[in-house]
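Trainee: Take a look and give me a structure for this.
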Amino acid sequence: MAWWGKLIGGTFGFMLGGPLGAMLGAALGHQVDSALGGRAGVRYHLGDQERVQTAFFTATFSIMGHVAKADGQVSEAEIALAKRTMAHMGLSPDQCRTAVNLFNSGKQPNFPLDDVLEQFHRECHHRHTLIQMFLELQLQVAFADQRLDPSESRVLLHIFERLGFSRQEFEYLVGMVRGTQQYYEYYEGAEATTQKPSLADAYSVLGVSEDASDEHIRKVYRRLMSQHHPDKLVAKGLPEEMMTLAKDKTQEINRAYDQISETRRQLH
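Mentor: Okay, the predicted model is just below:
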């Protein structure tokens, strides 16, 4: 929690600036110079790692609120998923309050989405795997009610494109997140009625076709496990509190791969 400790320890005014800093300041009850982040040559007291972690936390929960509101109203399922995500991360009461305030700021009609995305992209230094984790979290909110509303899809595709991801990558991650959520709900969720993930779900998680070779599937599996490795993501700027979410991803990827492997062994 080094980044959070420094955040509340008096160095806040030397952190982000820009729209992310302004939103975080409001969420914490501070007044921040919104132009700070745009000044060339400004040196900040926080290290690069902590700066990226703070930007990730701020962008994640504020844009989560924006995505949830994209279809005109925030559903109970979306609120419950956001709260479950916070609880699963083990956030402190202060962190939870800040995350809720950021979520609520994202629901406002004047939320500066493009400005937030531009700064977030810059703060993350275009780290593809880190930004992909952020996008997966946004998709999870959209799928909280088990469907992707057209208005949510439009907003999410816009977010993907602003962060340098293609429509093809969007469609792949939609399938992956839908599949991993099916695994999570079946193995970890509270609903006993959740259906067991199908073989089609398993292939969606890995983003491969059913006629792909065993070798190709192994390569994709290893790449996904590397991309979602918690320690690697934290090294790139994922807040430590989100390691649990990354571990969940690797677990669901493992389960999907095991299901495919076992089915293929039986067929041979």
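
Trainee: could you say what helices and strands the helix or strand hosting residue 202 packs with?
Mentor: In this structure, residue 202 sits in helix 199-206 according to DSSP states H and E. When contacts are defined as 3 or more C-beta pairs under 8 Å, 6 or more residues apart in numbering; DSSP states H and E, helix 199-206 packs onto helix 167-187, helix 214-227, helix 243-267. Quick note: C-beta positions are derived from backbone N, CA and C, even for glycine.

Trainee: quick one: low-confidence parts of the stretch 1-150 of the chain?
Mentor: Low-confidence segments of the stretch 1-150 of the chain, defined by pLDDT under 70: 1-2, 6, 8-15, 30-47.

Trainee: try 80 this time
Mentor: 1-16, 29-48, 126, 145-147 (pLDDT under 80).

Trainee: list the buried ones in the helix or strand harbouring residue 80?
Mentor: Using DSSP H and E, residue 80 sits in helix 76-89. Residues 78-79, 81-82, 85-86, 89 are the ones in helix 76-89 that count as buried (16 or more other C-beta atoms under 10 Å).

Trainee: Could you export these to CSV, including columns for distance to residue 17?
Mentor: Shown next, in CSV, are those (distance: C-beta to C-beta, whole Å):
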residue, distance to residue 17
78, 30
79, 30
81, 30
82, 26
85, 27
86, 25
89, 25
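
Trainee: Nearest to residue 175 among these?
Mentor: residue 81 (18.7 Å; C-beta to C-beta).

Trainee: Make CSV out of the helices and strands packed on helix 199-206 and add mean pLDDT, mean neighbour count and distance to residue 25.
Mentor: CSV is the format used below for those (pLDDT from 0 to 100; neighbours: other C-beta atoms under 10 Å; distance: least, C-beta to C-beta, whole Å):
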stretch, mean pLDDT, mean neighbour count, distance to residue 25
helix 167-187, 91, 18, 31
helix 214-227, 96, 14, 32
helix 243-267, 93, 16, 25
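
Trainee: Switch the ones you listed over to TSV; also include distance to residue 139.
Mentor: Below are the helices and strands packed on helix 199-206 laid out as TSV (distance: least, C-beta to C-beta, whole Å):
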stretch	distance to residue 139
helix 167-187	4
helix 214-227	15
helix 243-267	12
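
Trainee: These: which one's closest to residue 62?
Mentor: Closest of the helices and strands packed on helix 199-206 to residue 62 is helix 243-267, at 17.1 Å (criterion: C-beta to C-beta).

Trainee: which strands and helices sit next to the helix or strand following the helix holding residue 80?
Mentor: Once helix 76-89 ends, the next helix or strand along the chain (criterion: DSSP H and E) is helix 93-106. Counting contacts by 3+ C-beta pairs under 8 Å, 6+ apart, helix 93-106 is packed against helix 18-28, helix 48-68, helix 76-89.

Trainee: Show me the contact partners of helix 93-106.
Mentor: 4, 8, 23-24, 26-28, 57-58, 61-69, 82, 86, 91, 111, 241 (C-beta atoms under 8 Å, 6 or more residues apart in numbering).

Trainee: three-state assignment of residue 125?
Mentor: coil (DSSP: H, G, I helix; E, B strand; the rest coil).

Trainee: Not counting sequence-adjacent ones, nearest residue to it?
Mentor: Nearest non-adjacent residue to residue 125, counting by C-beta to C-beta, 6 or more residues apart in numbering: residue 52, 7.4 Å away.

Trainee: Determine the number of other residues adjacent to the one you found.
Mentor: Neighbouring residues of residue 52 were enumerated by other C-beta atoms under 10 Å; the total is 22.

Trainee: list the buried ones in the helix holding residue 202?
Mentor: When neighbours are counted by 16+ other C-beta under 10 Å, the buried residues of helix 199-206 are found to be 201-206.

Trainee: ok so, going back, from the buried residues of helix 76-89, which is closest to residue 185?
Mentor: Set against residue 185, the nearest of those by C-beta to C-beta is residue 81 (11.0 Å).

Trainee: So for the closest one, what's the nearest residue that isn't a sequence neighbour?
Mentor: Residue 81 sits nearest to residue 144 (C-beta to C-beta, 6+ apart), 4.0 Å away.
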